[in-house]
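Trainee: Everything below, folded, please.
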Amino acid sequence: MKDFFKYVLATVTGLIIMGLIITIITIISLVGMMSSATISVPDDCVMVLKLDGELNERASSASLTSMITGGSSQLGLSEILTAIQNAKENEDIKGIYIEGGNLSGATPAMLQEIRQALLDFKKTKKFIVAYADTYTQGSYYISSVADSVFLNPQGMVDWKGLAMQTVYYKEVMDKLGVRMEIFKVGTYKSAVEPFMLTEMSEANREQITTFSKEIWGEMKKEVAASRKLTSAQLDALADTMMMFVEPTFYKKTKLVDKLVYSDYIPKMLARMTGKENAKEYNTISAQDLAASTAMEPKGTSGNVIAVYYAFGDIVQEPSEGLTADDEIAATKVIKDLHELTENEDIKAVVLRVNSGGGSAYASEQIWHAITEMKAKKPVIVSMGGMAASGGYYISCNANWIVAEPTTLTGSIGIFGMMPVAKELINDKIGLHYETVKTNRFGDYGDYTREMNDGEKESMQQYVNRGYELFTKRCADGRGMKQDEIKAIAEGRVWTGLHAKQLGLVDQLGNLDDAIKVAKKRAKVDECTILSYPAPKSMFDNLFSQSSGESYANEYMKNTLGDFYGVIKSIKQIKSGFSMQAQLPYYFIYNL
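Mentor: This next block holds a predicted model:
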């Protein structure tokens, strides 16, 4: 009986604690919603853009994990761009203050789009100033656009060039007694390389070398223009181990304008906004400025241009846990696109793609939905950080494709893999299976045995057919011959700059440029721009069936950092018979 009361008391206590937690979260959420609904821009204000945290295509709502543990903040590219545009148009915003930090998860194209928005902001003649204790290469690339770049007198500028790292698993798998049967089409389709090699193939090295030089060239060109240097000078500086030089060297070489401590910044910003006291000047964060107009769509004509965000791995069904927060789930996307197609108020759709691909099945289904939409209204694709393999598959049939110069795209190729764990199961663990079957291929997919020749031949033919279909979709969408597509396919990755020359994209530009094309194609001058799909609320995330897995997911992201993507890339290949149209590898940007 004593134990009974003990357990009852423990249960009641747990319920009370959980109730308190939920109550606190509810209060915080309501306060947050009320504050966001009443955000106003103060007079003579400076927008503060903090380049710190995890950069995603769109910001997600605050999670229980981040509230409790204080995990890394999430920044949304779309919110940052909205804030910069609002700052440009709002007369109460006198300038932008960039606070340098470390942006994780950012691709060169995402950084480039922020930089372009800031350059556009400068056309107003409003000021931009930047300060950091340490500039990472990515944050310096953005901050170099400022009128004045300040650095801590003991600070650092990390300017060293690009490095892209791939991870190979074959030796680990050999030790485990597992190997992969590989089926692919495309010399450059190297997503399978980590499972069959311990080092980079020459073809893969060639394509990475080419596109990394093109991306680095774009970054140098833009920084050189802002800092009145040459690309050659920036290359020479990158080769001098800039991280460890005396800070005065940064000023001498014109990378920064002045070495100051952080207390200098408020005084300077106060003067620039006409205030005498450093404590009197007003600021507003980029997130708050974006939120202040989030519920005020522009335009009252009744015409709508929809911007549909499709970012992450392409899968067939929505998943939970490890990949739930950043995926393109075909069943959901198709339903959403159908609703946009049937909505007569929506005159055109901009499909914002940021994906390295995934399931070929799912890509084909989404391609079909876009084809049906295209028959009723213009579809314009805006490519973000990457729109490669399956990401290009779902893009290729649009009326018009806009890509950043540093977007990674192409990778037109197909592969499939089948694990063989006979050595692990039989020899290392000591398990032995016996199978009785009625037909020759009845046990296809049994990873405890070797694949037979008939299975291998059938699988390769299957992958070949997938490649033929993929290249045909691209040829039809781009108005090219299939042989012309095959000549530039083979799974090869191209930058947007190169893809424009090859005819894989129509225009170099950003999301705003894609929206302008959509308006022109839809023949509307005045319109409302609306974003889809609606982001999940904090309560959706908290009370969903996968909330526990989401907690683990966020914990892993915070703990593993860049290597979180490696785990995702392994998890995505769920079965050997699922055909994949995926970026050739998971690589880690050294930005």
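
Trainee: Measure how far the helix or strand that contains K175 is from the centre of its chain, please.
Mentor: Using DSSP states H and E, K175 sits within helix 170-176. Helix 170-176 sits 30 Å away from the centroid of its parent chain (CA atoms, centre = their mean, to the nearest Å).

Trainee: L176 is in contact with L424, correct?
Mentor: Yes - taking contacts as CB atoms under 8 Å, L424 lies within contact range of L176: 5.6 Å. Every C-beta, even on glycine, is put in place using the N, C-alpha and C of the backbone.

Trainee: These two: who's more crowded?
Mentor: Using other CB atoms under 10 Å as the criterion, L424 and L176 rank with L424 on top: 19 against 13.

Trainee: Which residue, neighbours along the chain excluded, lies closest to that one?
Mentor: Closest residue to L424 apart from its sequence neighbours, by CB to CB, 6 or more residues apart in numbering: G177 at 3.5 Å.

Trainee: Could you do M417 as well?
Mentor: Using CB to CB, 6+ apart, the nearest residue to M417 is M180, at 4.8 Å.

Trainee: Check what pLDDT that neighbour gets.
Mentor: Looking at M180, its pLDDT reads 89.

Trainee: now do the one 3 residues further on
Mentor: Among the per-residue scores, F183 shows a pLDDT of 90.

Trainee: can you give me how far stretch 282-294 is from the chain middle?
Mentor: With CA atoms, centre = their mean, you get 22 Å for stretch 282-294.

Trainee: Please list the residues outside that stretch that contact it.
Mentor: With contact meaning CB atoms under 8 Å, 6 or more residues apart in numbering, stretch 282-294 is reached by 36, 39-50, 59, 75, 79-80, 82-84, 86-87, 90, 93, 97, 269, 273.

Trainee: Put the buried members of these into a PyMOL selection.
Mentor: To isolate the buried members of these in PyMOL, using 16 or more other CB atoms under 10 Å:
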select buried, resi 39+41+44+45+46+47+48+49+50+59+75+79+80+82+83+84+86+87+90+93+97+269+273
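
Trainee: one step back: now do the same for the helix holding K175: mean pLDDT, whole number.
Mentor: The average pLDDT within helix 170-176 is 90.

Trainee: tell me the SS of S395?
Mentor: Following DSSP: H, G, I helix; E, B strand; the rest coil, the label given to S395 is coil.

Trainee: Next up, the contacts around the closest residue to it other than its chain neighbours.
Mentor: The spatial neighbour of S395 that comes closest, neighbours along the chain excluded (CB to CB, 6+ apart), is V381 at 4.4 Å. Counting by CB under 8 Å, 6+ apart, V381 touches 350-353, 387, 395, 398, 400-402, 514.

Trainee: Repeat that for S231.
Mentor: S231 neighbours (CB under 8 Å, 6+ apart): 217, 220-221, 224.

Trainee: Repeat the analysis, applying 10 Å as the threshold.
Mentor: S231 makes contact with 216-217, 219-225 under the criterion CB atoms under 10 Å, 6 or more residues apart in numbering.

Trainee: Now intersect these with the helices, please.
Mentor: Per DSSP state H, helices hold the following members of the contacts of S231: 216-217, 219-225.

Trainee: how about low-confidence regions in the stretch 51-200 of the chain?
Mentor: For the stretch 51-200 of the chain, the stretches with pLDDT under 70 are 60-73.

Trainee: What ranges in the stretch 201-350 of the chain fall below the confidence cut-off?
Mentor: 293-301, 320-325.

Trainee: what about the helices in it?
Mentor: 202-227, 231-238, 247-252, 264-272, 286-292, 330-342 (DSSP state H, counting those that start in this stretch).

Trainee: related to what we said a few turns ago, which one of the contacts of V381 has the most neighbours?
Mentor: Going by other CB under 10 Å, A387 tops the contacts of V381 with 38 neighbours.

Trainee: tell me which residues in the helix or strand harbouring D476 are buried?
Mentor: In this assignment (DSSP H and E), D476 forms part of helix 453-478. Buried residues in helix 453-478, defined by neighbour count with 16+ other CB under 10 Å: 455, 459-460, 463, 466-467, 469-471, 473-475, 477-478.

Trainee: okay, those in TSV with pLDDT and distance to R205 next?
Mentor: Converted to TSV, the buried residues of helix 453-478 look like this (pLDDT from 0 to 100; distance: CB to CB, whole Å):
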residue	pLDDT	distance to R205
E455	90	32
M459	91	27
Q460	92	25
V463	92	24
G466	93	26
Y467	94	23
L469	96	29
F470	96	24
T471	97	24
R473	97	29
C474	97	25
A475	98	28
G477	97	30
R478	97	28
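
Trainee: Please produce CSV containing those residues, extended by distance to G430.
Mentor: What follows is the buried residues of helix 453-478, written out as CSV (distance: CB to CB, whole Å):
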residue, distance to G430
E455, 26
M459, 29
Q460, 33
V463, 34
G466, 38
Y467, 40
L469, 44
F470, 43
T471, 46
R473, 48
C474, 49
A475, 52
G477, 53
R478, 55
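
Trainee: Okay, and the residue nearest to M417 sits in which element?
Mentor: Assigned by DSSP H and E, M180 belongs to strand 179-185.

Trainee: Kindly reformat the contacts of V381 as CSV containing distance to S190 and secondary structure.
Mentor: What follows is these, written out as CSV (distance: CB to CB, whole Å; DSSP: H, G, I helix; E, B strand; the rest coil):
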residue, distance to S190, secondary structure
V350, 31, strand
L351, 27, strand
R352, 27, strand
V353, 21, strand
A387, 18, strand
S395, 21, coil
A398, 27, coil
W400, 30, strand
I401, 24, strand
V402, 27, strand
A514, 30, helix
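
Trainee: Tell me the one among these nearest to D158.
Mentor: Of all those, D158 sits closest to A387, with 28.2 Å by CB to CB.

Trainee: if I look at the closest one, how far off is R478?
Mentor: Distance, A387 to R478, by CB to CB, to the nearest Å: 14 Å.

Trainee: do the same with G385
Mentor: Counting by CB to CB, the gap from G385 to R478 is 21 Å.

Trainee: so what's G101 up against?
Mentor: 50-53, 132-136, 138-139.

Trainee: What is the end-to-end distance of stretch 162-172?
Mentor: Stretch 162-172 has an end-to-end distance of 28 Å (criterion: CA to CA, to the nearest Å).

Trainee: which SS class is I529?
Mentor: Once three-state DSSP is applied, I529 turns out strand.

Trainee: Report the spatially closest residue to it, excluding sequence-adjacent ones.
Mentor: I305 (5.3 Å).

Trainee: what's the neighbour count on that neighbour?
Mentor: Neighbourhood size, I305 [other CB under 10 Å]: 24.

Trainee: I'd guess D43 is in a strand, am I close?
Mentor: No - counting by three-state DSSP, D43 is located in no strand; its state is coil.

Trainee: Distance of it relative to N277?
Mentor: Where N277 is concerned, D43 sits at a distance of 15 Å (CB to CB).

Trainee: for the residue nearest to I529, what are its contacts?
Mentor: Taking CB under 10 Å, 6+ apart, one finds 299, 346-350, 378, 380, 514-516, 518-519, 521-522, 524, 527-530 in contact with I305.
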